[in-house]
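Enquirer: pasting a predicted model and its sequence here:
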2 protein chains.
Amino acid sequence: MEDLICFALYAASRSVTAVYRPLLERLHLTYPQYLVMTVLWQRGASPIKEISGALQLDYGTLTPLLKRLETLGYVRRERRPDDERSVIVTLTAEGEALREQARDVPIEITQAMGLTPEATAVLRDTLRQITENTAAYTASQTRSNGSA
Amino acid sequence: MEDLICFALYAASRSVTAVYRPLLERLHLTYPQYLVMTVLWQRGASPIKEISGALQLDYGTLTPLLKRLETLGYVRRERRPDDERSVIVTLTAEGEALREQARDVPIEITQAMGLTPEATAVLRDTLRQITENTAAYTASQTRSNGSA
DNA sequence: GTCGATTAACTTGTGCACGATCTAATCGTG
DNA sequence: CACGATTAGATCGTGCACAAGTTAATCGAC
């Protein structure tokens, strides 16, 4: 039964991503790339560390993803002059312009999911609780396993 | 806001998988491999098509995954004599024995998620509805795009 | 100022996830 | 029986996701 809930989560996540896919294909974006663009649209130029924190994705995922966004011409990657360890990701004019083209994506997704606003609110709270609890659990396990 | 719910789904799914990871590592399984084993434990020997249908994963994902399970010694892959197109996946004795070692995994996961039974039930229903609605949406889009 | 520790990012390797293309076996209809 | 269509599965290429190890810059204690 517990497997069912985890599988339901996994299946629903993939199924929602499948709805995004054709919509984002028009913008030449994948779903994780769209999430990164959303962070940049909302926060403006950000160091990779901040993007990593916002999406909980590590550098091994983000470094090649950001290089692809740079190749597409949507972002620039530049070392910070006052701290050369840090790389700031900045939207190009094209990347900014994309925001307008992506405007209707959330509307389409909401329609496809077909939930009531109440169900959506309950779901959001439950998912946040799961993410919080499981992250805490994983962290506690990491602390106690001797990191061997 | 709608992005938030989709992101919450995506983040929760990855976070739950992260809880499975160390538990399944002891069994030399990944989460998708564990799902395949669960199907086999419940249904017994099955053609790949049935596993694909149960987990909604395509052959491009399952073929290499099943080869890895075969290399581990947990399953055998054999063409069906009466229909050579079909490949039946059968548990080995080791694969059967693994079921006992995996017995406590769902209990640990349930603890880590930390939801009440009521919240779990509501979540399950909502996730199923999302999967159903989005799958229907994707199918309708596929029909109307001229498959060009 | 120097040196060990920390930090931000990159690299490499493994394993999904999925689209597209291919092959071989089976089925259906004339 | 023959042959086009369907079906089950494999293969290849791209892009995440994440662990482990590496590098270069910065910080801190002395």
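Expert: Looks like it came in fine. Because the structure is a prediction, the values reported are computed rather than measured.

Enquirer: what score does the most centrally placed residue in chain A have for pLDDT?
Expert: Most central in chain A under Cα atoms, centre = their mean is A:L35, positioned 3.7 Å from the mean C-alpha point. In this model, A:L35 is scored at 98, pLDDT.

Enquirer: spatially nearest residue to it, not counting backbone neighbours?
Expert: Once flanking residues are discounted, A:L35 sits nearest to A:L55: 5.6 Å by Cβ to Cβ, 6 or more residues apart in numbering or on different chains. Quick note: C-beta positions are derived from backbone N, CA and C, even for glycine.

Enquirer: for the one you found, give me its contacts.
Expert: A:P32, A:L35, A:V36, A:V39, B:F7, B:A11 (Cβ atoms under 8 Å, 6 or more residues apart in numbering or on different chains).

Enquirer: quick one: which of the residues you listed is nearest to DNA strand C?
Expert: A:P32 (11.5 Å; Cβ to the nearest atom of the strand).

Enquirer: that older thread, where's the residue nearest to A:L35 relative to A:A18, distance?
Expert: Look at A:L55 and A:A18: by Cβ to Cβ, to the nearest Å, they are 19 Å apart.

Enquirer: any idea how far the residue of chain A found nearest DNA strand D is from A:L66?
Expert: Shortest chain A-to-DNA strand D distance, computed as Cβ to the nearest atom of the strand: residue-wise this is A:G60, at 2.8 Å. Separation of A:G60 from A:L66 (Cβ to Cβ) stands at 12 Å.

Enquirer: now A:R85
Expert: 16 Å.

Enquirer: between these two, tell me which one has more neighbours.
Expert: Using other Cβ atoms under 10 Å in any protein chain shown as the criterion, A:R85 and A:L66 rank with A:L66 on top: 21 against 8.

Enquirer: wait, that one touches A:V75, no?
Expert: Yes - counting by Cβ atoms under 8 Å, A:V75 is a contact partner of A:L66 at 6.6 Å.

Enquirer: who touches both of these two?
Expert: Among the neighbours of A:L66, those also in contact with A:V75 (Cβ under 8 Å, 6+ apart) are A:V89.

Enquirer: ok, back up a step: so which helix or strand takes in the residue nearest to the centre of chain A?
Expert: Remark: A:L35 resides in helix A:31-43, with elements defined by DSSP states H and E.

Enquirer: show me what that helix is packed up against.
Expert: Counting contacts by 3 or more Cβ pairs under 8 Å, 6 or more residues apart in numbering or on different chains; DSSP states H and E, helix A:31-43 packs against helix A:2-25, helix A:48-55, helix A:59-72, strand A:83-91, helix A:93-101, helix B:2-25.

Enquirer: quickly check: the third one near chain B or not.
Expert: No - using Cβ under 8 Å from any Cβ of the partner chain, helix A:59-72 stays clear of chain B, coming no nearer than 10.5 Å.
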